[in-house]
Structure formats: C-alpha cells, structure tokens
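Engineer: What follows is a predicted protein model with its sequence.
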Amino acid sequence: MHSVKELVKKLKRSLLVKPQLWTKLYLLRTLVQRDLEARYKGSILGNIWPLLNQLSQLLIYTYVFSIVMKVRLNLKGLPENNSLTFGLWLFAGLLPWIAFTNGLLQSSNSVVGNTNLVKKVVFPLSLLPLVPVLSAFVESTFGLMALIFLVAVTTKTIHITLLLLPLLWLTQILFTSGLAYIAAGLTVFLRDIPQTLAVILNIWLYLAPIVYPESLIPSQIRDWVFWLNPMATIAETYRGLVLVGEVKHWGEWAIAGIVSLVVFAGGFWIYKKLRPAFADVL
C-alpha cells in the first residue's frame with residue numbers, strides 16, 4: 001500500500017515526465033486502489049464483502065416486498081410472478097443506488113479526512129471527492145457480474161444492450177461526482193453535512209422506484225418522477241439493459257445525462273470556489 005509521502009513523491013516525479021491530465025488520472029487510479037485495499041485490509045473475505053453487503057440488502061427488500069407485501073412482476077424473458085424474477089429486478093436497481101449512496105456519503109468526509117493531503121501544495125485536491133465515488137462504483141461491479149451471470153443462467157441469454165452500460169455508468173458517475181464535490185466542500189465548513197445526507201438519502205430511496213415497481217407510482221406524477229429524479233431513470237435503465245434487453249426511458253435517460261453534466265459542472269465550480277479556504281479551516 002502506498003503511503004501519503006510516496007504518493008506525493010510519485011506525483012512530483014510524474015509532473016516532470018507526463019502531461020498534467022495523465023498525471024492526475026494515474027494518481028487517481030492509485031488513490032482508488034489504495035482506498036479499496038485499505039477498506040478490507042486484514043479481513044478474511046476481503047473484497048467479497050461488498051458483494052455480501054449488496055446481497056444482504058437484496059434479501060431484506062425481497063422478503064419485505066415479494067414475500068410479505070406479495071409484489072409481483074412480469075418481465076419479458078423471465079418467469080412470471082416469481083420471487084426470483086423480483087429478486088433479479090430488485091438487485092438490478094439496488095446496484096446503482098448502493099454505489100450512489102456509498103460514494104456520496106463517503107465523499108462528504110473526503111476532504112476533512114485527509115488534512116495531511118490538503119496542506120500539500122503539490123497535491124491536486126480536486127481528486128479527493130472522486131476517490132470514494134469511484135471506489136464505490138468498482139465495488140458495485142462485483143454485484144453486476146453476479147447479476148449478469150444469474151440472468152444468463154435464468155434466461156439462457158446475454159443481451160446485446162449490455163454494450164450500452166458504459167454510457168449509463170458515465171451518467172451515474174457524473175451525477176454522483178457533482179454532488180460529491182458539493183458535499184465534500186461544504187463539510188469542511190458544516191460538519192453536519194454527512195448526517196444530513198444520510199437522512200436525505202433514506203427519503204430519496206422511497207421517492208424513486210428502486211425497491212418498488214414504477215407501476216405503483218400514481219400515473220399523474222409517474223413521468224415527473226423520472227424527469228426530475230436521475231437516479232430513478234438510471235435504476236430503470238439498468239434493469240432494461242441487463243434484464244430484458246431494451247430501454248423504455250430513452251428521453252428520460254437523455255435528460256438525466258444533461259442534468260448529470262450540469263450537476264457535475266456546478267458541483268466542481270462550487271468546490272473550486274471553496275477550495276482556497278480548506279487549509280485555513282482544517
């Protein structure tokens with residue numbers, strides 16, 4: 001594992017031989033790798049823990065909605081009115097949501113938790129909020145691989161629409177990163193931000209059809225939920241791409257992409273404006 005001093009030394013050396021953009025990308029990759037290694041260092045199961053955490057949430061929500069509340073789904077190519085179908089559907093929506101919430105919550109402390117790096121003049125502080133966002137995204141890929149395998153076994157099909165996943169990932173990462181920049185910057189001055197975020201995200205989960213089907217949303221407001229909530233669109237698009245091989249919400253996805261760009265640009269601008277005061281406050 002790389003120490004902070006080693007990272008700074010690498011950055012100084014690379015600035016002499018590499019273009020600045022490639023230097024930052026290399027450093028970002030190193031920081032993400034270091035973060036993932038540190039999370040499960042010393043544990044027996046190691047990087048299997050993210051998948052187990054995802055599966056535990058899947059079991060809880062499947063039990064509540066499929067067994068207790070008896071919610072049933074009919075998806076093309078999957079068994080009708082089946083708990084397995086509901087579980088696959090639920091898992092496909094939970095994966096981007098878990099990556100979003102974990103990345104956002106952890107990024108809110110990314111600046112205050114790295115005071116030593118903040119006070120290094122040479123260190124690019126714009127990378128700090130991105131590290132937990134990308135780490136959470138990498139962890140979600142373990143669950144995604146398991147989901148694709150289960151769908152392939154159940155339906156005997158691997159949908160060609162999986163090739164569109166990188167475009168969806170870009171939308172998700174831009175949206176999460178923009179909010180992460182805002183949360184990380186504000187937390188330096190308001191330490192209640194992480195706790196506030198946790199409350200907001202708990203409410204947000206039930207404002208989007210993540211754990212319940214969109215058919216349960218009143219028809220009068222259903223379209224507004226997708227137009228105004230990018231995570232609702234991202235979750236439903238995940239399901240379409242992985243489970244049934246189609247996309248129902250093309251227009252909403254396009255709007256979500258535009259919103260994600262705006263949120264990313266706005267979040268980075270706010271973070272950049274706050275950044276000069278970080279060292280003094282910390």
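Structural biologist: Alright, I've got the coordinates.
Engineer: So Trp227 sits against Glu252, correct?
Structural biologist: Yes: the criterion here is Cβ atoms under 8 Å, and Trp227 meets it with Glu252 at 6.2 Å. Every C-beta, even on glycine, is put in place using the N, C-alpha and C of the backbone.
Engineer: Met231: what's it in contact with?
Structural biologist: Applying Cβ atoms under 8 Å, 6 or more residues apart in numbering to Met231 gives the contacts 96-97, 100, 175, 204, 208, 210.
Engineer: again, but for Thr196
Structural biologist: For Thr196, no contacting residues are found, by Cβ under 8 Å, 6+ apart.
Engineer: Distance of it relative to Tyr238?
Structural biologist: Here the criterion is Cβ to Cβ, to the nearest Å. By it, Thr196 lies 27 Å from Tyr238.
Engineer: And for Thr171?
Structural biologist: Counting by Cβ to Cβ - Thr171 and Tyr238 are separated by 11 Å.
Engineer: circling back: Ile221: which of the contacts of Met231 is nearest?
Structural biologist: Ala208 (12.2 Å; Cβ to Cβ).
Engineer: My guess is the closest one contacts Asn229. True?
Structural biologist: Yes: Ala208 is within contact range of Asn229, at 5.2 Å (criterion: Cβ under 8 Å).
Engineer: who's more crowded, these two?
Structural biologist: Ala208 (22 against 18; other Cβ atoms under 10 Å).
Engineer: Without its sequence neighbours, what residue ends up closest to that one?
Structural biologist: Ala232 (3.9 Å; Cβ to Cβ, 6 or more residues apart in numbering).
Engineer: Please apply the same query to Leu261.
Structural biologist: Leu174 (6.1 Å).
Engineer: The one you found and Ser260, how far apart?
Structural biologist: In terms of Cβ to Cβ, Leu174 sits 4 Å off from Ser260.
Engineer: swap in Leu179?
Structural biologist: Leu179 is 10 Å from Ser260, by Cβ to Cβ.
Engineer: likewise Leu130?
Structural biologist: With Cβ to Cβ as the criterion, Leu130 and Ser260 are 14 Å apart.
Engineer: ok, back up a step: compare Trp227 and Glu252 (neighbour count), which wins?
Structural biologist: When Trp227 and Glu252 are compared for neighbours, Glu252 comes out ahead with 22 against 16, by other Cβ under 10 Å.
Engineer: give me the low-pLDDT residue ranges for this protein?
Structural biologist: 1-19, 40-47, 49-51, 54, 61-83, 120-121 (pLDDT under 70).
Engineer: what do you get if the cut-off is 90, keeping everything else the same?
Structural biologist: Residue ranges of the chain with pLDDT under 90: 1-94, 113-126, 139-159, 205-226, 228, 243-249, 275-282.
Engineer: Now do the helices in it.
Structural biologist: 4-17, 20-39, 49-62, 83-107, 115-118, 130-155, 165-187, 193-207, 219-228, 230-239, 250-274, 278-281 (DSSP state H).
Engineer: could these go into CSV alongside distance to Pro124?
Structural biologist: CSV is the format used below for the helices of the chain (distance: least, Cβ to Cβ, whole Å):
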stretch, distance to Pro124
helix 4-17, 8
helix 20-39, 6
helix 49-62, 27
helix 83-107, 16
helix 115-118, 9
helix 130-155, 10
helix 165-187, 13
helix 193-207, 22
helix 219-228, 33
helix 230-239, 27
helix 250-274, 12
helix 278-281, 13
